[in-house]
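>>> Mind looking at a prediction? Sequence and model below.
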Amino acid sequence: MSIIKSKIWLTVLLMAASFPLMFGCARTENTASSALPSTNSRVDPVLATGLRLIADRALQPETIPDLSFLGLQSLVRLDKDLALTRTPEQDLQLAYQHHLIGRYNPAPPGDAERWADLVVTIARDAWKVSSTLKATNNEAFYQMFFESVLKGVDPHSHYFAAHQSTPGLALDHQGNAEIEIIIPPDQNLAGSLPEQLPLESQITEGILVATIHRFTDKTSVELSKLLGNAKVNPDFKGVILDLRGNPGGSLLQAVAVADLFMAEGPILSVIGRTTGTSRQFNAKAGEIGEAMPVVVVLDGGSASAAEIVAAALQDSRRGVVVGTNSYGKGTVQSRIRLPNDAILSITMANFASPSGTLLNGLGVIPNLCLNAGEAKRVTESGTIYPSDQEGRKRLRALCPASARGGIARDIEISRQLILDPGLFAQALGHTWLLAGGLEPLR
């Protein structure tokens, strides 16, 4: 499959110098301090750009007024003597030690520039009375404002200051924004990023064990070469993809790796709220591994791109998944560079497996669970439907995500499946809890 160099995800950055630079103006009825004249107002491009992008791209619909109010709550968290409320008329009121500082008329709901100007005005007035805020510069304000906004929107969305920006991202320029076509690893996943090479391999008794530590822009090409070299061996029997502890990487590479083993059918659906954020990826015939038996090994540290591969091969019945439940990071973040060179990482879409199962929060449930306390078959494919989130949660609870990197039993079970086509076929489409070996499948 040729990787489609699609440019469908955005990313933005922020931050600047000191608080006085932020002073702008909006229409106010101020009881304690007068606003700067509107002729001196200068729209803050960082705030305006960030608010517009979050409102346009966030997975859940959010209004610019609500986002602005969420961000301004960061002032209250920093200084408990401040209070910010909304009146029944939707005016904003700022108070300090229970004394009204200002009442501010709302800007038009869809006008990001006017709302950015209003945010600046309220922040300026709070800065005048709060000694705590006077120790805060523009950079710190941007950080706390956008983190407050994003915390109220989605747990996987973040603001990264310019000095925190991740190097080496595959970004292209489009106007003032940058488009990202990879999913960076989530630093909050269980465990730390491995220091090994992205892809390692060994062949024993005709079985190729390919350990993918992270999906880079060369993973599918390198794996295809390994498969080609292994296939010429007359004793070649199949492939084990060890994705334990793999936190993700390139979405397009995950699709390409799954396509190496699939001749047809859907691989992944990316489901967003707005035009341009939804996409379907399908397999194309003619790849080298389409007839190879495949076992995928997961654990609680397998996330994002690793889950895409496992779910695609499992749902298409091309591969058996063993191990534990995966992490369950089934969202796409767009990274947008803001005018101050910070990055706004916004969740803009969900992943869905070929069966339509949303992966976020649930992950991939293995066919063979290897951390169970008892041995039994739990369910067959179709018993729990993709839309049955509660049923999947119950099933996930029977095989909780846990770290299993380096446990030899997982690879040994995978070898037995490949060496016994009957066992392999029996495992497809079922969920088993295994306390010991593969005896319950026999």
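In hand now; what should we look at?

>>> Show me the contact partners of stretch 87-95.
65, 69, 72, 82-86, 100-106, 118, 122, 125-126 (CB atoms under 8 Å, 6 or more residues apart in numbering). For the C-beta atoms, the positions are set from N, CA and C on the backbone; glycine is no exception.

>>> again, only using 6 Å
Residues from elsewhere that reach stretch 87-95 (CB atoms under 6 Å, 6 or more residues apart in numbering): 83, 84, 85, 86, 101, 102, 103, 104, 105, 106, 122.

>>> what do you get for stretch 205-217?
With CB under 6 Å, 6+ apart, stretch 205-217 has contacts from 194, 196, 198-202, 223, 226, 230, 235-243, 246, 249-250, 253-254, 305, 415, 418.

>>> and those residues, which are buried?
Among the contacts of stretch 205-217, those scoring as buried are 194, 198-199, 201, 223, 226, 230, 236-243, 246, 249-250, 253-254, 305, 415, 418 (criterion: 16 or more other CB atoms under 10 Å).

>>> In helices only, show me the residues you listed.
With DSSP state H as the criterion, helices contain 223, 226, 230, 253, 254, 305, 415, 418 from among those.

>>> just curious, which of these is nearest to residue 438?
Distance to residue 438 across these (CB to CB) is lowest for residue 415, with 10.6 Å.

>>> and stretch 49-66, what's its mean pLDDT?
Taken as a whole, stretch 49-66 has an average pLDDT of 94.

>>> can you check stretch 209-226 too?
96.

>>> Give me the buried positions along it.
209-217, 219-220, 222-224, 226.

>>> What's the end-to-end length of that stretch?
10 Å (CA to CA, to the nearest Å).

>>> now that stretch, how far from the centre of its chain.
21 Å (CA atoms, centre = their mean, to the nearest Å).

>>> and the longest strand anywhere in the chain, what does it pack onto?
Determined from DSSP state E, the single longest strand within the chain is strand 343-352. Helices and strands touching strand 343-352, by 3 or more CB pairs under 6 Å, 6 or more residues apart in numbering; DSSP states H and E, are helix 45-57, strand 158-160, strand 266-272, strand 331-337.

>>> out of the ones you listed, nearest to residue 401?
Short answer: strand 331-337, nearest of the helices and strands packed on strand 343-352 by CB to CB, at 16.7 Å.

>>> In a markdown table: the helices and strands packed on strand 343-352, plus mean neighbour count.
Shown next, in a markdown table, are the helices and strands packed on strand 343-352 (neighbours: other CB atoms under 10 Å):
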| stretch | mean neighbour count |
| --- | --- |
| helix 45-57 | 23 |
| strand 158-160 | 22 |
| strand 266-272 | 21 |
| strand 331-337 | 26 |
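
>>> picking up where we left off before, give me the angle between the longest strand of the chain and strand 331-337.
160 degrees (axes from the mean of the first three to the mean of the last three CA atoms, to 10 degrees).

>>> could you dump strand 343-352 to CSV, C-alpha only?
Extracted as CSV, the C-alpha positions of strand 343-352 are listed here (Å, rounded to 0.1, in the frame of the first residue of the first chain):
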residue,chain,number,x,y,z
ILE,A,343,2.0,24.2,20.2
LEU,A,344,-1.6,23.5,20.8
SER,A,345,-2.4,19.8,20.7
ILE,A,346,-6.1,19.4,20.2
THR,A,347,-8.1,16.1,20.1
MET,A,348,-10.0,16.3,16.8
ALA,A,349,-11.1,12.7,16.1
ASN,A,350,-11.7,9.2,17.4
PHE,A,351,-10.4,5.9,16.1
ALA,A,352,-12.8,3.2,15.2
